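Trainee: Structure for this input, please:
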Amino acid sequence: MTHTIIESPIGELLVLGRPWPDDPSTMEITALYTAEHVRRPAADGDRDDQAFVAVRQQLLEYFSGGRAEFDLPLAPQGTNFQQRVWAELRRIPYGQTASYAEIAQRIGQPTAVRAVGMANGRNPISLIVPCHRVVGSDGSLTGYAGGLDAKRWLLRHEQSGLGAESGAAPRPVVSRS
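Mentor: Predicted structure coming up:
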């Protein structure tokens, strides 16, 4: 396991990864945590900033408003249910949000709203697997392992950037602070 630290507008990001089996010169991302992340582990293994050049570049593009989707090999570890939820999170378009109930419907388990919330909260690859795009059924901000300030910043960033140019009307976000 290898890691790097990347500075961002929402604070320091810890990225963990390992060589991708199909191309050992490429890192597959196993985790990305904000500085405020509730379950942020200690940095595992050696620090290797060069191994994460693609991640660093794509995050820079995202934060500067030039990237709406990430194209990186990901290897989040979780249950089959969690994997299904995380895959659905990646389908939420940039600049838009979805509720826990909508995610439960999309994965074919409409009564699993709480389980979707738990899986969302255990997403190990924050931001790239956009758990920050999940809000309450009324559009209100709900918990975010990286902190509500970071979630608020990310949603505003996306709704004022490329997502607004796509013609899709973003769901309003209601802050309950």
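Trainee: mind listing the helices for the chain?
Mentor: Remark: helices assigned in the chain by DSSP state H are 53-63, 80-89, 100-106, 113-121, 148-159, 162-165.
Trainee: Out of the ones you listed, which gets the lowest mean score?
Mentor: Confidence, taken as mean pLDDT, is least for helix 162-165 of the helices of the chain (a mean of 43).
Trainee: List the contacts of the spatially most central residue of the chain.
Mentor: By C-alpha atoms, centre = their mean, the chain has its centre lying nearest to L127, at 2.5 Å. Neighbouring residues of L127 by C-beta atoms under 8 Å, 6 or more residues apart in numbering: 13, 32, 34, 59, 62, 146, 154. C-beta: built from backbone N, CA, C; applies to glycine.
Trainee: and the helices of the chain as a markdown table, adding distance to S25?
Mentor: Shown next, in a markdown table, are the helices of the chain (distance: least, C-beta to C-beta, whole Å):
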| stretch | distance to S25 |
| --- | --- |
| helix 53-63 | 11 |
| helix 80-89 | 26 |
| helix 100-106 | 35 |
| helix 113-121 | 32 |
| helix 148-159 | 30 |
| helix 162-165 | 30 |
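Trainee: Among those, which comes closest to V134?
Mentor: helix 113-121 (5.3 Å; C-beta to C-beta).
Trainee: Identify the residues contacting stretch 17-31?
Mentor: 1-3, 14-16, 41, 51-52, 54-55, 72-77, 124-125, 128.
Trainee: Of these, just the buried ones, PyMOL syntax please.
Mentor: To isolate the buried subset of the contacts of stretch 17-31 in PyMOL, counting by 16 or more other C-beta atoms under 10 Å, use the following:
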select buried, resi 2+3+14+15+16+51+52+55+72+74+75+76+124+125+128
